[in-house]
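Engineer: How does the following fold in three dimensions:
(chains A and B)
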Number of protein chains: 2
Amino acid sequence: MFSFSITARAGRARTGVFTTPHGDLATPVFAPVGTQATVKTLTPAQLAELGASLVLSNTYHLYLRPGEELVREMGGLHEFMQWPGPILTDSGGFQVFSLAETRKIDDDGVTFKSHIDGSTHRFTPEKSIQIQENLGADIIMAFDECSDPNDHAYSQIAMERTHRWAERCLAAKTRDDQALFGILQGGVSPDLRTASAEFIASLPFPGIAIGGLSVGETKAEMHAALDIIEPLLPEDKPRYLMGVGTPEDLVNGVARGVDIFDCVLPTRLARHNAAFSSEGRLNLMNATFASDKRPIDETCDCYTCRTFTRAYIRHLIAAKELLARTLLSIHNLRALIRLMETMRAAIQDGSFESRVPDLLAQWQGNAERSLTTKGTK
Amino acid sequence: MFSFSITARAGRARTGVFTTPHGDLATPVFAPVGTQATVKTLTPAQLAELGASLVLSNTYHLYLRPGEELVREMGGLHEFMQWPGPILTDSGGFQVFSLAETRKIDDDGVTFKSHIDGSTHRFTPEKSIQIQENLGADIIMAFDECSDPNDHAYSQIAMERTHRWAERCLAAKTRDDQALFGILQGGVSPDLRTASAEFIASLPFPGIAIGGLSVGETKAEMHAALDIIEPLLPEDKPRYLMGVGTPEDLVNGVARGVDIFDCVLPTRLARHNAAFSSEGRLNLMNATFASDKRPIDETCDCYTCRTFTRAYIRHLIAAKELLARTLLSIHNLRALIRLMETMRAAIQDGSFESRVPDLLAQWQGNAERSLTTKGTK
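Structural biologist: Residues are numbered from 1 along each chain as shown, chains lettered A, B, ... in the order given. Down below sits the predicted model:
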C-alpha cells in the first residue's frame, strides 16, 4: 500500500514518489499545516489550486477538539476536513512537550493539561497510535520526546525514551493503511544524532523523521546535524524534517537529502501581514505599499499575485479585513510549494547542484527568525 | 451605456436586464455588500462561483480608508478590488446619519466625525458625487437623508432636503459611464411617501432607490410603504430597495415590483455562526450539530453545502477557525442569490404568483430581527 521510489538524484538530493492510499506524493514535498483540521483561512479548493499535495494535522489539537472519536465517527480526517489527498498527523509529542509548565514526562508517557480548559490528560506511545488510527491519516508518527539542543545529558535521556517509545509504537500499530514513521532525536550532539539515526534506521519503519531541529539551534548546527544523519539513513525510505522551514531551510534540506517538510511559517507570517518574496520578506502593512500597483512578488504565479496589488492587500490589512490573511496565506504557501516544484525539476534535469547558490540567494532575507517558526498557531 | 428592459411580468413582479459598462444585470438581483472594497472573507473568485453579479461598496468607508483619490489612482474600484462585474456605491448618506452622536445636518450637507480617528469631515451632495466618481462604480446614489420612520415632522424635513439634494446631485454629476439613482424617502407616512415617489420619479434618474425602510419599522409598514410607492414609479426604471433584506423580505419585495436589493445580513450572520436554511435560521455553534453529517441545508447547491458537514463547520466555530466565516458567508450569500434565481425563473415561467406562499413558507424562521440587518459591518 506504501512504496517509495527514487526517480532522480543530484548529489544527496533526490526526487521520488511516495505512494499512499490517497494518492502519490512527488518528493521533495512541503506540507501546509492544518493544525485543527483546517489550513487556516483556506478552503480545500484553494489549497488544491495552489498545488498542495500533502497536508499535516495535529494529533494533540484534534484529540482535545473535536476529539478523535468524533473524527473517526465522521469518516476520518480526510472525510471530515474534505482533503482528498494524503494527510500526515504528528504524534502529539512535540505539542505536549511544548506545554512546558503543565506537563510531566516519565518513562511510560506524558501527563499534561489541556491548553483549552486545563483538564488533565495522558499520552503514551500506545495512546498516540490509537488516536492517530482513529484520525486515519496516511502517514502517522511515532511518539517522541524533543529535547533542548543545548543540554546533552537531557538530550540523551530524551533520545533513549524516544527509542523505547518507537518500538512500542511499532508494536501498538494495527492499521495497514497507515505508514508509521520513526523519529530520531539527539539534539545537536554528533554522538547522539549518530546513535539515534542508527537505531531508528534499524527498525522496520517505512519512513524516517528527523525531530528536534528548528527548535532554537543555529542554522549551522541544523546543517551539521543533517550532514551527520543523512549517510546513516536508508536510501530507500523517505526522510521527513519536521517543522522546517523557511525557503532557505528547504533548499538546504533538499540539498542534504530530505524528502518531506512541514512548517506553520507561511500561515503564521500571513497573520503577521508578512509575505515571502524574491525581494526578501515583506510586511504588507508598510506605508510604502499604499499605492504600489505591483503584486507581492512579480515572479509568483499564485492567485493573489495574479490578481491583486500590494496597495489592495495593504488596504485590507489596514481595514482589518480577514481577506488579507487568506490572500497572504495563499501567496506564502504557493511560494514554498513552487520552490519545491522548482527544486524537483532541477534535480530531474540535472541542474540542481549548480542552482543551489542562486536559489539560496533568491530567497535571502526570508529566513530571519523574527517570528518563531514552530508551534501550533 | 445604460438601459433597462423588462423581459417578463407576474403581477407587479418583473424580470429585466439592466445594462452597465461592466456587464448586464439580470433582475431582480441581490447584491452582496463589500463595505471596504471586499465582501468579508471572500475572494472575488468565490463570489463569482456563488453567482454574485452586482456588488455594493460603501462611499463613507472608502472615503475614510483608503481614500477615494487612492482608489482612483489604482484604476477605480473594479480594478482595485478586482471585481469585474457591476458595482454600486451608496452615497454615504445612510452611513453618516448612522453616526448619531457625532454628526450635524444642515440644509447644505452633513458634518461628521470619522469612526476611525475622530477627525472632522463634511459631505455635501456635490462631495458625495465627486467621491463616487473617483471610486468609479457603475451605479451611484444621490446623497439623501434618512429619517426616523415614527417622526412625521422630521421625516418631512429630511424628505424635502433629500429632494433638493437629488437635484444638486444630478447637477454635480459629470461622468456618463455611471448611472445615478435618485432616492426617495418619507418614513412610513403615506402622504410623504407619495410626495417623495412622485418628486423623485419626475427627475431624470435612470433608476430609483427606496430609502428609509428596514430601519426599525414593522414588516407591515414596509409592505404598506412599498404598496404606496410602486404604482407611482415609472415602469421602465429599475427600483432598488436599499439595505433589504431577509429571504422573506426579498420575496415580498420582488412581489411588490422591486428589482435590486442589498443587505449585510448574509455576511453578518456568518460572523454570528448563523446560517439561512429551509429549516429556519440555524446557529451552527449549537451542540446538537456536533456529529451531524448533513450539510447546512440539504436543498442548497453552494460549495459549503456540497462539501462539508454541519459537524465540521461546528468544529471550526468551536476551534475559532476563520474558515467557518468563509464557509458560512458562501452559504448565506448563495442562499439569497439562489432565491433570486428561483424567483426570476418563476416570473419567467408564469409560476411566480402561485409560488409566493410556498417561497415565504420555505424561508419562514429566517426573518427574525434578532440581529440588526442594517449597518456597516
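
Engineer: so residue A:362 makes contact with residue A:278?
Structural biologist: Yes. If you go by CB atoms under 8 Å, residue A:362 and residue A:278 touch, sitting 5.5 Å apart. For every residue, glycine as well, the C-beta is placed using N, CA and C.

Engineer: quick one, which of these two is more surrounded?
Structural biologist: Of the pair residue A:362 and residue A:278, residue A:362 is the one with more neighbours under other CB atoms under 10 Å in any protein chain shown, namely 20 against 17.

Engineer: quick one, what contacts that one?
Structural biologist: Applying CB atoms under 8 Å, 6 or more residues apart in numbering or on different chains, one finds that residue A:362 lies in contact with residue A:278.

Engineer: same question, residue A:338
Structural biologist: A:51, A:300, A:301, A:302.

Engineer: Now with 10 Å, please.
Structural biologist: Shown in contact with residue A:338 (CB atoms under 10 Å, 6 or more residues apart in numbering or on different chains): A:30, A:50, A:51, A:276, A:297, A:299, A:300, A:301, A:302.

Engineer: And the helix-or-strand element of chain A with minimal mean pLDDT, what does it pack against?
Structural biologist: Taking mean pLDDT, DSSP states H and E as the measure, helix A:93-98 is the helix or strand of chain A with the lowest mean score, a mean of 87. In terms of contact count using 3 or more CB pairs under 10 Å, 6 or more residues apart in numbering or on different chains; DSSP states H and E, helix A:93-98 is assigned the packing partners helix A:59-64, strand A:103-105, strand A:110-113, strand A:120-123, helix A:125-135, helix A:152-172.

Engineer: So what's the residue count around the single nearest residue of the stretch 151-300 of chain A relative to chain B?
Structural biologist: Ranked by CB to the nearest CB, the top residue of the stretch 151-300 of chain A for proximity to chain B is residue A:291, at 5.9 Å. A count of neighbours around residue A:291, defined by other CB under 10 Å, yields 16.

Engineer: Show the pLDDT at the closest residue to it other than its chain neighbours.
Structural biologist: Take residue A:291 and drop its neighbours on the chain: the residue closest to it by CB to CB, 6 or more residues apart in numbering or on different chains is residue A:311, 5.3 Å away. pLDDT, residue A:311: 98.

Engineer: burial of the closest residue to residue A:261 other than its chain neighbours, as a residue count?
Structural biologist: Sequence neighbours aside, residue A:30 is the residue nearest to residue A:261 in space, at 4.9 Å (criterion: CB to CB, 6+ apart). Residue crowding around residue A:30 was assessed by other CB under 10 Å; the count is 29.

Engineer: mind checking how far residue A:30 is from chain B?
Structural biologist: Using CB to the nearest CB, to the nearest Å, residue A:30 is found at 20 Å from chain B.

Engineer: Does that residue belong to a helix, a strand or coil?
Structural biologist: Following DSSP: H, G, I helix; E, B strand; the rest coil, the label given to residue A:30 is strand.

Engineer: Give the helix, strand or coil label for the residue nearest to residue A:157 when sequence neighbours are not counted.
Structural biologist: Leaving aside its chain neighbours, residue A:157 sits nearest to residue A:147 (7.6 Å; criterion: CB to CB, 6+ apart). Local secondary structure at residue A:147 is given as coil here, using three-state DSSP.

Engineer: related to what we said a few turns ago, reformat the helices and strands packed on helix A:93-98 as TSV; add mean neighbour count and mean pLDDT.
Structural biologist: Formatted as TSV, the entries for the helices and strands packed on helix A:93-98 read as follows, by neighbours: other CB atoms under 10 Å in any protein chain shown; pLDDT from 0 to 100:
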stretch	mean neighbour count	mean pLDDT
helix A:59-64	25	98
strand A:103-105	14	93
strand A:110-113	19	96
strand A:120-123	16	96
helix A:125-135	23	98
helix A:152-172	19	96
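
Engineer: Save those as CSV, and put in distance to residue B:129 too.
Structural biologist: CSV is the format used below for the helices and strands packed on helix A:93-98 (distance: least, CB to CB, whole Å):
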stretch, distance to residue B:129
helix A:59-64, 52
strand A:103-105, 64
strand A:110-113, 61
strand A:120-123, 63
helix A:125-135, 58
helix A:152-172, 70
